[in-house]
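**Q** Fold the stuff below for me.
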Amino acid sequence: MSFTELLLIVLYTALFSYFILRLRFFKKFSINPRFIAIIFIVKIIAGMTYGYIYQKYYEGGDTWQYFKSSGTIVALLKKNEFGAFFRMLFGFNTRPPAESIRIYAFKVDYWNDMSAYFFVRFHALASLLSFRHYYVHVIFYNFLSLIGMLYLFRFFYEWMSDKKWMIIIVMFFFPSILFWSSGMHKDGF
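**A** Next comes the predicted model:
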């Protein structure tokens, strides 16, 4: 991990934690925002552990393949191919690909799988703020997935308010749920 990546991890974690502590949005979930920030940091650690395990022991798996495939899209910016960049990022996945982006679409894995290509697009978009650092993307991903999990918590809490801490422990700290909802793949979203 480079110094730049480490610096970005610290900065974005601090920024999103600040949002969690200050925005009124995070006060509506019947959980103290400080505790939500702790949950967020634990999810980041779990997500980075997930990425490390998959890189070290499984040759990257899908999570790293999505990231690598997004490099083809990001490279279009360096080539001043802005139209192709926006079509690859926000356009439709047609079969066969449109003539104007066909050469690029064939270089990107998962072009024909909409749910997987969503993650390629996510990585390409996140790369604009992360300078192509995978572990920084983990922070963005976990911030977004945390919001969804908080809404799910709120749903259960409305039905079982007397079991608040049990719901929190199961939803946010149960090892398999924490691991699979923090790693960058489709389950978190």
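
**Q** The protein: helices as residue ranges?
**A** 3-22, 33-57, 61-78, 82-90, 102-105, 114-130, 134-159, 164-168, 175-182 (DSSP state H).

**Q** Figure out which of the ones you listed is closest to residue 96.
**A** When those are compared by C-beta to C-beta, helix 102-105 sits nearest residue 96, at 6.7 Å. The way it works is simple: take the backbone N, C-alpha and C, and place the C-beta from them, glycine included.

**Q** tell me the average confidence for that closest one?
**A** What helix 102-105 shows for mean pLDDT is 87.

**Q** helices and strands around that helix, which ones?
**A** helix 61-78, helix 82-90 (3 or more C-beta pairs under 8 Å, 6 or more residues apart in numbering; DSSP states H and E).

**Q** Go through it and flag the buried ones.
**A** 104, 105 (16 or more other C-beta atoms under 10 Å).

**Q** what's next to that helix, contact-wise?
**A** With C-beta atoms under 8 Å, 6 or more residues apart in numbering as the test, helix 102-105 has contacts from 72, 73, 76, 84, 88, 96, 97, 111.

**Q** roughly how far is that helix from the heart of the chain?
**A** Counting by C-alpha atoms, centre = their mean, to the nearest Å, helix 102-105 is centred 25 Å from the centre of its parent chain.

**Q** With just CA atoms, put that helix into CSV.
**A** Only the C-alpha atoms of helix 102-105 are listed here, as CSV (Å, rounded to 0.1, in the frame of the first residue of the first chain):
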residue,chain,number,x,y,z
ARG,A,102,-17.2,-1.6,-29.3
ILE,A,103,-13.4,-1.7,-29.2
TYR,A,104,-13.5,-0.7,-25.5
ALA,A,105,-16.5,-2.8,-24.5
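
**Q** Can you get me the start-to-end distance on stretch 74-82?
**A** With C-alpha to C-alpha, to the nearest Å as the measure, stretch 74-82 spans 10 Å from end to end.

**Q** Tell me how many other residues surround residue 168.
**A** Neighbours of residue 168 under the rule other C-beta atoms under 10 Å: 17.

**Q** Could I get the pLDDT score of it?
**A** With respect to pLDDT, residue 168 has a value of 95.

**Q** Nearest to residue 189 among the helices of the chain would be which one?
**A** Checking the helices of the chain against residue 189 by C-beta to C-beta gives helix 134-159 as the closest, at 6.3 Å.

**Q** about what we covered before: return the closest of the contacts of helix 102-105 with respect to residue 29.
**A** The nearest member of the contacts of helix 102-105 to residue 29, counting by C-beta to C-beta, is residue 73 at 34.5 Å.

**Q** Now the closest one. Nearest residue, chain neighbours left out?
**A** residue 124 (4.0 Å; C-beta to C-beta, 6 or more residues apart in numbering).

**Q** What is the burial count for that neighbour?
**A** 25.
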